[in-house]
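Novice: Give the three-dimensional model of this entry:
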Amino acid sequence: MDGICMMQNPNLGDTVTINLGFENGSIANVCYFSNGNKKVPKESIEVFCGSNFFHIDDFMTMTMHSDNAEQKMKLKTQDKGHTKQFEMVMESLKKGEAFPIPFEQIYHSSKLTLLALESIAGSRTVQVKD
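Specialist: Numbering: from 1, shown residues only. Sure thing, here's the model as predicted:
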């Protein structure tokens, strides 16, 4: 994992790019830019999977492209899923069921966050070990 931060400019300390490489050859890039124009939608997610492409824009619209089709979805309000996640956790606690997000996934995402900070602080690539 490589974490790169624009630390040379004190106003851009939270402008970060994180590059992840996986054993199967897949890659992921997480870009968090605090220096964008306020008129541009704040959050964008792009997923490439084979010949399919998915684009989520500001958690309001999603466009899906495949070889021969394009579909669009638009929400009336922004939905990042926080309320639904909280409801699902509360429901699992009430019923004594497993949490909606397995502990292992929570652990790994937290570990990657801390390793990204380590990569940024040391200006170096960090190897992720299970």
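Novice: Not including adjacent chain positions, what is the nearest residue to the residue nearest the centre of the chain?
Specialist: The structure's the chain has its C-alpha centroid closest to Val30; by C-alpha atoms, centre = their mean the separation is 6.3 Å. Computed as C-beta to C-beta, 6 or more residues apart in numbering, the closest residue to Val30 that is not its neighbour in sequence is Ile18, at 4.3 Å. C-beta here means a position set from N, CA and C on the backbone, and glycine is covered the same way.
Novice: you'd agree the residue nearest to the centre of the chain is in a strand?
Specialist: Yes. Counting by DSSP: H, G, I helix; E, B strand; the rest coil, Val30 is part of a strand.
Novice: coming back round to it: and the strand or helix carrying the residue nearest to Val30, which strands flank it?
Specialist: Secondary structure from DSSP states H and E places Ile18 in strand 16-21. Strand 16-21 pairs in its sheet with strand 2-5 (antiparallel), strand 27-32 (antiparallel), by DSSP bridges.
Novice: Just the buried residues of the longest helix seen in the chain, please?
Specialist: The residue-count maximum for a helix in the chain (DSSP state H) belongs to helix 103-122. Residues of helix 103-122 classed as buried: Leu112, Leu115, Ala116, Ser119, Ile120 (neighbour count, 16 or more other C-beta atoms under 10 Å).
Novice: how close does the fourth one get to Val16?
Specialist: Same thing as Ser119. Noted for Ser119: a distance of 10 Å to Val16, by C-beta to C-beta, to the nearest Å.
Novice: What of Pro102?
Specialist: Counting by C-beta to C-beta, the gap from Pro102 to Val16 is 27 Å.
Novice: Between these two, point out the one with more neighbours.
Specialist: Val16 (20 against 10; other C-beta atoms under 10 Å).
Novice: Against Asn35, how distant is that one?
Specialist: Here Val16 is placed at a distance of 11 Å from Asn35 (C-beta to C-beta).
Novice: What of Asn24?
Specialist: In this structure, Asn24 and Asn35 are 33 Å apart, going by C-beta to C-beta.
Novice: Please consider this matter closed, and thank you.
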